[in-house]
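1. Need coordinates for the below:
(chains A, B, C and D)
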2 protein chains.
Amino acid sequence: MKDLDIAEVAGRSGVPASTLRFYEEKGLIASIGRRGLRRLFDPGVLERLTLIALGRTAGFTLEEIAAMFAPDGRPRIDRKKLATRAEALDKTIRDMSALRDGLRHAAACPAPSHLECPSFRRLLRAAAVGIIRAPRKMPTRQRLRIHPAASRS
Amino acid sequence: MKDLDIAEVAGRSGVPASTLRFYEEKGLIASIGRRGLRRLFDPGVLERLTLIALGRTAGFTLEEIAAMFAPDGRPRIDRKKLATRAEALDKTIRDMSALRDGLRHAAACPAPSHLECPSFRRLLRAAAVGIIRAPRKMPTRQRLRIHPAASRS
DNA sequence: CTGCCACTTCAAGTCCAGTTGAGGTCAAGG
DNA sequence: CCTTGACCTCAACTGGACTTGAAGTGGCAG
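-> Numbers count the residues shown, from 1 in each chain, chains lettered A, B, ... in the order given. Predicted coordinates for the structure are as follows:
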């Protein structure tokens, strides 16, 4: 397969060129050469980017992800770390599921104020143990832009 | 119920005093007076903090959360926004579930390199459609400290 | 009455993951 | 040959959510 220049990688992966340069700087990906100034990448970089995206979704920092690639570039993954993260993910999933149900209920609930709705109060009580007590530093930055273009007001 | 000073609120909620001041500055909570310099809070602030934590877990920004409280301080919640967020949450949950399963498999898989494991490759392919193509701006910053250092009860 | 010390303010700093801007280069098309 | 424009570098900036540090204050135990 032919090498890809940065624009092609950006196009195929959806990852902006600025981010690709940033990732290279951080050692997350490597360009295989240049054509003029232009970086050239091995097509395998696309798989690598997928792995990076996966790692980010799992909650690893870029630094941790970088550490998961052996110097030869192949994923060298710490199984214990993976299992630990799977557990954390599982807890987050459970919290989020409860929350999703709570949101759905709140969206449909006819009580004048949510604070007067028993289901909502149940959610609050559950949250008080599960969430309040824990979060310190866990933003869960869900910037999942539902409408990527909408926000211009 | 007696009013709580900032240290009591911090103690009961697990939210650091600095964060409480920060939240007050942002209009997310309000102190009800002072004893000397010390802020005093209505005990209801604890419920409010739970609501805030909930909102953060759901992926709302502090600003969005602030907007969900009516000037009178009671939650005035936009049902459409809630439903939308529930959908987003649901998608995140689905993504994370697939990922959790993938992680569990990877942690147990005996293949020499994960890239050679068919299940892992399946996960990669799924991610390539679901994640790579989408993410732009959706970090999901799971700084879920697994061991929150167990603050006092 | 005095001193302690947990609180106060305000500004600045931190962290993560990028993005943006100014100024520069160079392969290719006309 | 010359222009074009997509790429290059490097530094600085962004945003969100806090945290930290210096300097000040005041309620309360002794």
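2. and residue A:90, what helix or strand is that in?
-> According to DSSP states H and E, residue A:90 maps onto helix A:79-108.
3. just checking, what packs against that helix?
-> Applying 3 or more Cβ pairs under 8 Å, 6 or more residues apart in numbering or on different chains; DSSP states H and E, we find helix A:79-108 packed against helix A:118-127, helix B:45-58, helix B:79-108. Just so you know, the C-beta spots here come from the backbone N, C-alpha and C atoms, and that holds for glycine as well.
4. Now that helix: average pLDDT?
-> The average pLDDT within helix A:79-108 is 89.
5. State the separation between it and the centre of the chain it belongs to.
-> Computed by Cα atoms, centre = their mean, to the nearest Å, the chain-centroid distance of helix A:79-108 equals 14 Å.
6. what's the answer for stretch A:4-14, then?
-> Relative to its chain's centre, stretch A:4-14 lies at 20 Å (Cα atoms, centre = their mean).
7. for stretch A:119-130, same thing?
-> Taking Cα atoms, centre = their mean, one finds the center of stretch A:119-130 at 26 Å from the center of the full chain.
8. That stretch close to chain B?
-> Yes. Contact of stretch A:119-130 with chain B (Cβ under 8 Å from any Cβ of the partner chain) involves A:123, A:124, A:127, A:128.
9. hmm, that stretch touching DNA strand D?
-> No. Stretch A:119-130 is not in contact with DNA strand D by Cβ under 7 Å from any atom of the strand; minimum separation 14.9 Å.
10. List the buried residues for the helix holding residue A:90?
-> Using 16 or more other Cβ atoms under 10 Å in any protein chain shown as the test for burial, helix A:79-108 gives A:82, A:85-86, A:88-90, A:92-93, A:95-96, A:98-100, A:102-107.
11. Is residue A:43 in a helix, a strand, or coil?
-> Under DSSP: H, G, I helix; E, B strand; the rest coil, the three-state class of residue A:43 is coil.
12. Wait, it touches residue A:3, no?
-> Yes. Between residue A:43 and residue A:3 there is a contact under Cβ atoms under 8 Å: 7.3 Å.
13. Mutual contacts of those two, please.
-> Residues touching both residue A:43 and residue A:3 (Cβ atoms under 8 Å, 6 or more residues apart in numbering or on different chains): none.
14. The closest residue to residue A:13 other than its chain neighbours: how many residues sit nearby?
-> Closest residue to residue A:13 apart from its sequence neighbours, by Cβ to Cβ, 6 or more residues apart in numbering or on different chains: residue A:49 at 4.8 Å. Neighbour count of residue A:49, defined by other Cβ atoms under 10 Å in any protein chain shown: 25.
15. Next: the one 10 residues further on.
-> For residue A:59, the number of neighbouring residues by other Cβ under 10 Å comes to 21.
16. of all of chain A, which residue lies closest to DNA strand C?
-> residue A:36 (2.8 Å; Cβ to the nearest atom of the strand).
17. element containing the residue of chain A found nearest DNA strand D, please.
-> Using Cβ to the nearest atom of the strand, the closest approach of chain A to DNA strand D is made by residue A:7 at 2.5 Å. Using DSSP H and E, residue A:7 falls within helix A:6-13.
18. Packing partners of that helix?
-> Taking 3+ Cβ pairs under 8 Å, 6+ apart as the contact cut, helix A:6-13 packs with helix A:17-25, strand A:38-41, helix A:45-57.
19. Can you say which of those is packed in most?
-> Of all the helices and strands packed on helix A:6-13, helix A:45-57 carries the top mean neighbour count, a mean of 22, counting by mean count of other Cβ atoms under 10 Å in any protein chain shown.
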